[in-house]
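Student: only geometry, no sequence info:
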Ligand SMILES: Cc1cc2nc3c(=O)[nH]c(=O)nc-3n(C[C@H](O)[C@H](O)[C@H](O)COP(=O)(O)OP(=O)(O)OC[C@H]3O[C@@H](n4cnc5c(N)ncnc54)[C@H](O)[C@@H]3O)c2cc1C
C-alpha cells in the first residue's frame, strides 16, 4: 500500500474542507470493506484517507414519518433492527444476504451506496422502496432520489467535497421483496439481485422493479412494471413481465456469469419475486 | 490404549490462540523484503532490462536480473531458471526481483524497473500446442509434447466385443488452486561460511536441499532447511519453485537475510495449480453387470515449465486400471507445454480427475444396464488379497464394506426416485419456499482407490525416526516427516506413546530441521501415517528394548516379562515397577553408561513402476472409500445444493478417529469445491479471478452435513493396522454429485465445476 495522509474530522464542515483541499485525491473511509481491498490490490492509491466515523451527523437510525438511515448504519444493524424488520422486512433480509457477520459489523449502507458497485445489494431494494439520498456539500445540503444517484460503475452524483449523510425511505403501504442469486450461500456477490416493491393487490396500483448486477447501474425495469400494473394479476402476466425484465436488462459477460445466464436469472427472479408478493410471502 | 482414541491435535491450541510461528512471522536481524516482478506477456522476447531507476530508490538493497542466474537449469523438466532472461513463456514468469528494507519499498522499486518486450505468438490451447506447426515453447526440445503415457492390460478390442452396453463421454476439468490459508513464504539467510539456511514451508525438505543446491550451483551440504509451521500445503510444496532460489540469490547479493512472502493475488498466479484436463473415456459392461473394459485418453496442460502436473497420469491410470476389477484397460495421456500456468501436485494428485470420469461412467453403465448403481458397484468391487493386472497387490480391502455402509444410509430404492420430497435434511423450508416443483432431489454414489502405504516414485520411499528418552522420562520423537496441518505429529506421538506406555502429551515431536531429523522423502501420497508411523514404531520399539534391558536389572526380571504402562515399566501381572526416568538415569549414570536412543528406518516393500509398461506395486497397501451425495437442483437457476454427503473410508485402522474424520471432512470440502464452485478461470494465459471473491471455496455455510463412516480392515503391514487417508476424502465427491444431479434431473454433467450456469445450460439442452 502506498503511504497516505490521514484525517479524522469531527464535523461535516471539517470533512468537506479536507475533501476539497485534496480535490479528487482523498477518499473517505467508513467500514473500509470496499476501500481497503482496492488499496491493497493497488487499484486505488489516494493521497489522503478521511475517517468519517467520528461525525455524529452520519449516525442514527430513526423512524417517524419515514425511515432515516445515517450513512454509517452498518449492514448488521439493518439486518437486526426491529423497526426495519417490522416495517421494511425486505431491506432487513437484503442485508442478511450480504457478506458475513464480521463484515456486516464493519460495512455501512453509505459505503455500499457510494462505492456504487453494480452488484451492491442494498441498491435495488432501496430504490424499489423509493429512497432519497441526503447529501452534504460545500453549498449545503441537497436531496437526490436514489434512483438518480448512480451514474456509472463506481460513480455517483457526489461531487468533489460532497458526502452522503443519510438515506430517507418513505413509509411503505405495500409489500416488498429482495431476491439475490449467487453461487454460494453466503459471502458472495450477486450475479443478479432483484428488488421489488408494490402497492395494492389485484389490481397493483404501484410497482417498482429494480434489477441489480445486470447493467452499469441498478436498473429500473419500467416496461415490466407496466405489464403488471392494473387489472388482475395472473400467472401469465407475471411470466410475461419476467420475460420483459430479462430483455430490459443490459448485462455483460464476466467471470460471474454470461449475458445469457444473467437474463435467464433476471427472468426467474422477477417471476419468483412477483409471485412471492402476490402469494403474500 | 492410546491407539484408537479421539485425541485433539496436539498443535491445535497454539494455532487457535495465535501462538504458532509461521514463516510470515519470522523476522531475522537485518532481514530484507523481497518482491518479484512478473511478465507482462504470456510469450515474448525480452529486449532490454533497465534497473537503474529502481536501484536509486532509497531502501533498495539488491536487484536480481537474469544476469545473476547460476548457469544450470532446474526443476523436474530441467527447463526453469530463477529469473527469465531471453524469453518469457507465461504471465507468471519472473523477470526481476528486488530486496528492500520493507515490502512497500520493494513494491515501489518493481514499478521503476523497465523491461522492453517483443511479443511472440502465444499458445494457450493444448490441442494447438500438439500440432506440428505450433511454435515451440522450449525450442531446445523438439516438441511441445513433454511426455506421453501408454498403459494397457488385457485387450480392449476383446473387451468391447464382450460388452452388451458401451458408454462414452468427453470431460473437461478446470485449473484448481490449493488455496492454503498461508500463502507461500521463504526466508533465505547465509552465514559467515556461506552456508545457506532456508526457512521454508516445503513438503520435501531433503529433496529441496538437493534441488536447491542444483539451482544455485552449490553443494547440498551447504544448505540447511528449517520448516516453519505450515499453514496448509496440499501439494504446493512438493517441488522447487523459482521464488526459492530467488530468495537465496537476493540474500547473497544483498548480504542480508531476505524474506519473500506471496500476496494472495500472487499465490493465485505463481503457485502451481491442479492441471486442467480434456478427457475422452469409454467403458463397457455385460448384461450380468460385469465391467468389460475401460479406455481413456487425457490431454494435459502442464504449463510453460514442468512440475508435477506432468506425472499425474501415473495416478489417473491407477484409477482407470484398478478401481473395480476391469479385465481390459487402456489409458493414454499426453502432457503438453503451453504458455499457461505451471501445474503441479494438489491433494489427490490426478485422482479427483480420473475418479470423476471413471465413476460417472460407472453410473452411466448402471443406467444403461438398468441396474441398481449400488448393486452394479458391488458386483465389480475390488477384493482383499488380489494382485491386479496393473501389478498392484491389494492386501486389506474394505471397498465392499464402504459401498454397503453408505448405501445403508441412503435407503436405496425407496427415496431415489422420489423427487422434491421433504426428506430429512438440514434444509429449512424457507429455502424451498418458492416453486417447490422446480426443486428436484437425487442421490449419487462414487468410490475411490488411493495409495495408502506410500508411493514409490523415487528410488527410496523411506523415512527415518529417532526416539529419545531423557533423564526425566521425557520422550522426544525426531521424525523425518513433515506436519502440514494433517495431524501427523499427533498420530506419530500416539504410536510412540502406545509403545512406551506414556501419555501423548508427554511426547515432543521434532520434525522441522534437516540438520537434525533423519531423511524422509516428503509429505505426499497419503504416506505419513503408514511410512513415518512404521518408522516411529520401529524406533519406539528399539527404545523400549533398551529400557527393558536396564529395567530387567533393576526389577530382577526377564526383559520378556516386562510391559510399559502409565509412564512406568512393570513386571507383567505384578505391581513391581520402575518409572521411565529412573530406568533412563540408571542406564546413563554409571561407568560405560548409555542413553536411551531408539532408531528406526522404514522403507516399504514396493517397486517403482516399470518405465515402459507402468506396471508394478507402487504402494504397500491401498485405501478405499465410497461417498453418497444427496442434492437438490433448482431447475430454473441451475443451482445445486448438497444436502448430505455420506463418506465411508477403509483406513485399515483409525489410530485417531477424530483425525480421520478431519481428513475426510477436509477432503470433502475440497471435493465439493472441485465439484461445484472452484475454478481458476484462465483466459489467454491470464488468471481472471485471483482472489477469494471470485475463486469460490466452499464455506462453512455451504457445507452439507457430512457423515463419516470409518471402516477398519486391519492392514497387515500398517502401524497398528493403519493405512493412509489423506487424499481419499475429496477424490470421489465430484462424481458422486454429478451422479446425484443425474438422478435428480436426468442430465449428465461432464464439465467441472458444475456451476449453476453450466447446470442450467445442460438442462436447457436436454429440453431440446
Ligand atoms: C468479504 C466481503 C463480502 C462482501 N459481500 C458483499 C455483499 O454480499 N453484497 C454487497 O453489496 N457488498 C458486499 N461487500 C462489499 C462491501 O462490504 C459493501 O459494499 C459495504 O457496504 C461497503 O461499506 P463500507 O462502509 O465498508 O465502505 P468503505 O469501504 O468504507 O467505502 C466504500 C466507498 O464509499 C465511499 N464512502 C463511504 N461512506 C461514504 C459517505 N458517507 N459519503 C461519501 N462516500 C462514502 C468511500 O470513500 C469509498 O470510496 C463485501 C465485501 C467483503 C470484503
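Tutor: Structure received. Given the structure is predicted, the values throughout are model-derived calculations rather than measurements.
Student: list the contacts of the lowest-mean-pLDDT helix or strand in chain A.
Tutor: Lowest on mean pLDDT, DSSP states H and E among the helices and strands of chain A sits helix A:12-21, with a mean of 92. Contact partners of helix A:12-21, identified using C-beta atoms under 8 Å, 6 or more residues apart in numbering or on different chains, comprise A:7, A:9, A:26, A:28, A:48, A:50, A:52, A:55, A:57, A:136-138, A:160-163, A:165. To be clear about C-beta, it is placed using only N, CA and C from the backbone, and glycine gets the same treatment.
Student: just the strands in the stretch 301-450 of chain B please.
Tutor: Listed in chain order, the strands found in the stretch 301-450 of chain B under DSSP state E, counting those that start in this stretch are B:328-337, B:386-387, B:393-394, B:439-451.
Student: returning to that earlier point: inside strands: which ones of the contacts of helix A:12-21?
Tutor: Within those, residues falling in strands by DSSP state E are A:7, A:26, A:28, A:48, A:50, A:136, A:137, A:163, A:165.
Student: quick one: the third one from the ligand, how far?
Tutor: According to C-beta to the nearest ligand atom, to the nearest Å, residue A:28 stands 4 Å off from the ligand.
Student: do the same with the first one
Tutor: Residue A:7 is 13 Å from the ligand, where distance means C-beta to the nearest ligand atom.
Student: ok, the last one next?
Tutor: In this structure, residue A:165 and the ligand are separated by 7 Å, where distance is defined by C-beta to the nearest ligand atom.
Student: who's in contact with the closest residue to that residue other than its chain neighbours?
Tutor: Using C-beta to C-beta, 6 or more residues apart in numbering or on different chains and skipping the chain neighbours, the partner closest in space to residue A:165 is residue A:134 (4.6 Å). By C-beta under 8 Å, 6+ apart, residue A:134 lies in contact with A:141, A:142, A:143, A:164, A:165, A:166, A:167, A:168.
Student: just the buried ones from those residues, in ChimeraX syntax?
Tutor: Remark: buried members of these, expressed as a ChimeraX selection using 16 or more other C-beta atoms under 10 Å in any protein chain shown:
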select /A:164,165,166,167,168
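Student: one step back: and the least confident helix or strand of chain A, anywhere near the ligand?
Tutor: No - judged by C-beta under 6 Å from any ligand atom, helix A:12-21 stays clear of the ligand, getting no closer than 9.1 Å.
Student: please spell out which residues along that helix are buried.
Tutor: Judged by neighbour count using 16+ other C-beta under 10 Å, the buried positions of helix A:12-21 are A:12, A:15, A:16, A:18, A:19.
Student: now do stretch A:128-148
Tutor: Buried residues in stretch A:128-148 (16+ other C-beta under 10 Å): A:128, A:129, A:130, A:131, A:132, A:133, A:134, A:135, A:136, A:137, A:146, A:147.
Student: returning to that earlier point: and the buried residues of helix A:12-21, which two are the farthest apart?
Tutor: Using C-beta to C-beta, the buried residues of helix A:12-21 reach their maximum pairwise distance at A:12 and A:18, which is 11.1 Å.
Student: can you list the residues of the stretch 1-150 of chain A near chain B?
Tutor: A:1, A:2, A:3, A:41 (C-beta under 8 Å from any C-beta of the partner chain).
Student: turn those into TSV, including pLDDT.
Tutor: Listed next are the residues of the stretch 1-150 of chain A next to chain B as TSV, based on pLDDT from 0 to 100:
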residue	pLDDT
A:1	83
A:2	84
A:3	89
A:41	87
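Student: just the buried subset of these, please.
Tutor: Burial by neighbour count, 16+ other C-beta under 10 Å: within the residues of the stretch 1-150 of chain A next to chain B this picks out no residue.
Student: check contacts around residue B:273.
Tutor: Neighbour list for residue B:273: B:175, B:176, B:177, B:303, B:309, B:341, B:342, B:343, B:344, B:346, B:680 [criterion: C-beta under 8 Å, 6+ apart].
Student: over to residue B:713?
Tutor: Neighbouring residues of residue B:713 by C-beta under 8 Å, 6+ apart: B:384, B:396, B:397, B:398, B:401, B:650, B:652, B:653, B:721.
Student: nearest to the ligand, of the residues of the stretch 1-150 of chain A next to chain B?
Tutor: The ligand has its nearest neighbour among these in residue A:41, at 11.7 Å by C-beta to the nearest ligand atom.
Student: leaving out sequence neighbours, find the closest residue to that closest one.
Tutor: Closest residue to residue A:41 apart from its sequence neighbours, by C-beta to C-beta, 6+ apart: residue B:265 at 6.8 Å.
Student: what about the host helix or strand of residue A:260, distance to the chain center?
Tutor: Assessed by DSSP states H and E, residue A:260 sits inside helix A:259-279. Helix A:259-279 sits 19 Å away from the centroid of its parent chain (C-alpha atoms, centre = their mean, to the nearest Å).
Student: packing partners for it?
Tutor: Helix A:259-279 sits against strand A:175-181, strand A:192-199, strand A:206-212, helix A:235-248, helix B:756-767, with contacts defined as 3 or more C-beta pairs under 8 Å, 6 or more residues apart in numbering or on different chains; DSSP states H and E.
Student: pull up the pairing partners for the second one, direction included.
Tutor: Spelled out, that is strand A:192-199. Each strand paired with strand A:192-199, and its direction, by DSSP bridges: strand A:175-181 (antiparallel), strand A:206-212 (antiparallel).
Student: need the ones you listed in CSV (columns: mean neighbour count, distance to residue B:674 and mean pLDDT).
Tutor: Converted to CSV, these look like this (neighbours: other C-beta atoms under 10 Å in any protein chain shown; distance: least, C-beta to C-beta, whole Å; pLDDT from 0 to 100):
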stretch, mean neighbour count, distance to residue B:674, mean pLDDT
strand A:175-181, 24, 22, 97
strand A:206-212, 24, 30, 97
